[in-house]
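**Student:** Mind folding the following:
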Amino acid sequence: MFGSGDKIKLDKELMARVQRCAEIAGYASAEEFVRHVLEREIAKFEEGGSSEDEIRKRMQGLGYIS
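**Tutor:** Predicted structure coming up:
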């Protein structure tokens, strides 16, 4: 799915949702859509501070990690 050789596996249902959203939003591909969403989310974490502890606390607060 990603051109650099790194791969992320998504289940079929989620991939179908990604593809549908990418088409509706006018992205050229599902990969482009995923890249944009990830970059936007990562930027949110980085805005709050770049230390590992600060990022971990933000992710815990948002429920991404326990």
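**Student:** Identify the residue nearest Gln19 in space, chain neighbours excluded?
**Tutor:** Nearest residue to Gln19, sequence neighbours excluded (C-beta to C-beta, 6 or more residues apart in numbering): Ala30, at 4.7 Å. C-beta here means a position set from N, CA and C on the backbone, and glycine is covered the same way.
**Student:** Which phi and psi values does Gly61 adopt?
**Tutor:** Backbone dihedrals for Gly61, given as degrees, to the nearest 10, come out at phi -60, psi -30.
**Student:** Where does pLDDT dip in this protein?
**Tutor:** 1-5, 48-50 (pLDDT under 70).
**Student:** dump the residue contacts of Ala30.
**Tutor:** Contact analysis of Ala30 by C-beta atoms under 8 Å, 6 or more residues apart in numbering lists 1, 15, 18-19, 22.
**Student:** How about Met59?
**Tutor:** 45, 65.
**Student:** follow-up on the earlier one: can you put the contacts of Ala30 in TSV and add distance to Phe45?
**Tutor:** Listed next are the contacts of Ala30 as TSV, based on distance: C-beta to C-beta, whole Å:
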residue	distance to Phe45
Met1	22
Met15	24
Val18	21
Gln19	26
Ala22	23
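**Student:** can you tell me the helix or strand for the most centrally placed residue in the chain?
**Tutor:** Of all residues in the chain, the one closest to the mean position by C-alpha atoms, centre = their mean is Leu38, 2.9 Å from it. Using DSSP states H and E, Leu38 sits in helix 30-47.
**Student:** Over to Ile24?
**Tutor:** Take DSSP H and E as the rule and Ile24 turns out to sit in helix 12-25.
**Student:** Cheers, nothing more for now.
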